[in-house]
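# task: produce atomic coordinates for the following.
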Amino acid sequence: MKTIGLTILFAVIGLGVGYLIFGQVHGHYIDIESLFSTPSGFVENIAYAALGVGKIRQHILISGVVGAIVGLFLGMMSSRKKAQAGA
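Purely as a prediction, here's the structure:
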């Protein structure tokens with residue numbers, strides 16, 4: 001259970017760090033709602049493409065996955081140490 005908690009925690013931290021690193025365009029952060037919504041019309045589609053929202057979203061999601069992997073690794077190491085201490 002601790003491993004799952006650490007995985008989720010580090011995934012959220014990874015998403016946050018990814019947003020802080022990659023979520024800026026021209027010195028301003030993209031609205032989080034814009035990152036997780038899909039463009040609804042032709043003009044909005046062009047604006048998303050011009051700003052590179054798809055690429056920004058991809059970088060942020062990769063950061064979240066890396067965070068989840070780190071959390072999973074730390075949780076597994078913690079469980080392994082606890083099992084070795086008990087044996």
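
# and the longest helix anywhere in the chain, what does it pack onto?
Counting residues, the longest helix found in the chain (DSSP state H) is helix 53-86. Where contact means 3 or more C-beta pairs under 8 Å, 6 or more residues apart in numbering; DSSP states H and E, helix 53-86 is packed against helix 2-22, helix 32-36. In this view, the C-beta of every residue, glycine as well, is placed from N, C-alpha and C.

# which one of those lies nearest to residue 58?
helix 2-22 (8.9 Å; C-beta to C-beta).

# now do that closest one, average pLDDT.
For helix 2-22, the mean pLDDT works out to 95.

# with just CA atoms, put that helix into CSV.
Provided in CSV are the C-alpha atoms of helix 2-22 (Å, rounded to 0.1, in the frame of the first residue of the first chain):
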residue,chain,number,x,y,z
LYS,A,2,2.9,2.3,0.8
THR,A,3,4.3,1.7,-2.7
ILE,A,4,1.1,2.7,-4.4
GLY,A,5,1.0,5.9,-2.2
LEU,A,6,4.5,6.8,-3.1
THR,A,7,3.9,6.2,-6.8
ILE,A,8,0.9,8.4,-6.8
LEU,A,9,2.6,11.1,-4.7
PHE,A,10,5.7,11.2,-7.0
ALA,A,11,3.5,11.2,-10.1
VAL,A,12,1.7,14.3,-8.9
ILE,A,13,5.0,15.9,-7.9
GLY,A,14,6.4,15.1,-11.4
LEU,A,15,3.3,16.6,-13.0
GLY,A,16,3.7,19.8,-11.0
VAL,A,17,7.5,20.1,-11.7
GLY,A,18,6.8,19.4,-15.4
TYR,A,19,4.2,22.1,-15.5
LEU,A,20,6.6,24.6,-13.8
ILE,A,21,9.4,23.7,-16.3
PHE,A,22,7.5,23.2,-19.5
